[in-house]
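# output the structure for:
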Amino acid sequence: MDLSFASPLMYLSSGKRAVDKFNPYSSMLTMGRKVSSTKLFPCLATIANQSTQSVECEVENKKHHLLRAIQDTQRGLLTTADQRSSIEEALVCVEGYNMGIPIDLVKLDGTWRLQYTSAPDVLVLLEAAARLPFFQVGQIFQKFECRDNSRGGVIRNVVRWSIPTLFEEQDGATLLVSAKFDVVSVRNIYLRFEEISVQNIKISEELQAVIAPALLPRSFLSLQILQFLATFKAEIPVRNPGRQSGVGGLYYLSYLDSNMLLGRAVGGGGVFVFTRAQPLDL
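Now for the predicted structure:
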């Protein structure tokens, strides 16, 4: 790479008979023309583009390797010690490409689907669904609302769950944990949890048939019950109105690009691997 542009610069800086030698820039300077560096050294732009493409390709390969490592873990529920070690190594490899870069809230804004975690508070839900035949856990998301903010925003942890035969499969109801967050350092955000709610209940056809049989006229009461279940929302505040601080935690966003988000709950709360998802209407 150096050979493509070093020789004229080295000659001019050598100090040996520089006056007697032709200066390749003198005619351009005397004519008052401004020549861009890409025209003087077209190879530099090409090398820079190739270098950027090489790094981007390398990052995508590392991300693909991480997704392969977590592929058969059921979002972290089933992992061996060797798998956890391999996943941590793959995580660190990806995180290294984003280290020290400030959080881009515009890029962070949107919905992210959980692919893997080692967080105990999430794994306990997955374990319950694996052991209990009457409980199912569907997709888990994090939704960030921060596009128009510079120092923080709102984060919503969304868990789709269901009780078979009572609710629709997988996403018969939604558990929503809402928090406000502030950017407190280059890549750390502090969460202040506000509310836990259960909403968006979708009852199964079997339960609808029990409440309002299809062969019989639907009474006012049965319609009221169906409407109540469809619009039901239970809210539990987790913040003390009389205090500025409440339940919270520090969250380190270790990697972020257009389609992957990696995070670590500071204090041993576990790691998270998310991929970009379609927007959620809550």
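# so what's the gap between the top helix by length along the chain and the chain middle?
The helix spanning the most residues in the chain, taking DSSP state H as the definition, is helix 42-69. Distance of helix 42-69 from its chain centroid, counting by CA atoms, centre = their mean, to the nearest Å, is 20 Å.
# packing partners for it?
Under the contact criterion of 3 or more CB pairs under 8 Å, 6 or more residues apart in numbering; DSSP states H and E, helix 42-69 touches helix 37-40, helix 81-95, strand 270-276. All C-beta spots, glycine's among them, are computed from the backbone N, C-alpha and C.
# run the angle between that helix and strand 270-276 for me.
Relative orientation of helix 42-69 and strand 270-276, computed by axes from the mean of the first three to the mean of the last three CA atoms, to 10 degrees: 120 degrees.
# need the winner for burial among the helices and strands packed on helix 42-69.
Most buried of the helices and strands packed on helix 42-69, by mean neighbour count (mean count of other CB atoms under 10 Å): strand 270-276, with a mean of 20.
# now the angle between helix 81-95 and it, please.
60 degrees.
# hmm, back to that, so which of the helices and strands packed on helix 42-69 gets nearest Lys180?
strand 270-276 (18.8 Å; CB to CB).
# does anything pack onto that closest one? Which helices or strands?
helix 42-69, helix 81-95, strand 110-117, helix 120-131, strand 260-265.
# what are the pairing partners of the third one, and which direction each?
Strand 110-117 sits in its sheet next to strand 136-145 (antiparallel), strand 270-276 (antiparallel), going by DSSP bridges.
# circling back: possible to save the helices and strands packed on helix 42-69 as TSV with distance to Asp104 and mean pLDDT?
As requested, the helices and strands packed on helix 42-69 are arranged in TSV below (distance: least, CB to CB, whole Å; pLDDT from 0 to 100):
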stretch	distance to Asp104	mean pLDDT
helix 37-40	27	48
helix 81-95	16	96
strand 270-276	14	97
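# right, and those - which one's nearest Leu132?
strand 270-276 (22.1 Å).
# which residues touch that closest one?
66-67, 70, 88, 91, 110-120, 122-123, 142, 258-265 (CB atoms under 8 Å, 6 or more residues apart in numbering).
# re the thing from before, dump the strands paired with strand 110-117 into a markdown table; add distance to Asp82 as well.
Listed next are the strands paired with strand 110-117 as a markdown table, based on distance: least, CB to CB, whole Å:
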| stretch | distance to Asp82 |
| --- | --- |
| strand 136-145 | 25 |
| strand 270-276 | 17 |
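# which among these is found nearest to Gly76?
Closest among these, using CB to CB: strand 270-276, at 8.3 Å.
# contact partners of the helix or strand harbouring Arg160?
Using DSSP states H and E, the element containing Arg160 is strand 152-162. The set of residues external to strand 152-162 that reach it, using CB under 8 Å, 6+ apart, is 105, 109, 125, 129, 135-147, 168-183, 189, 191, 280, 282.
# picking that back up, please pick the buried ones from the contacts of strand 270-276.
Buried by 16 or more other CB atoms under 10 Å: 66-67, 70, 91, 110-119, 122-123, 142, 260-265, out of those.
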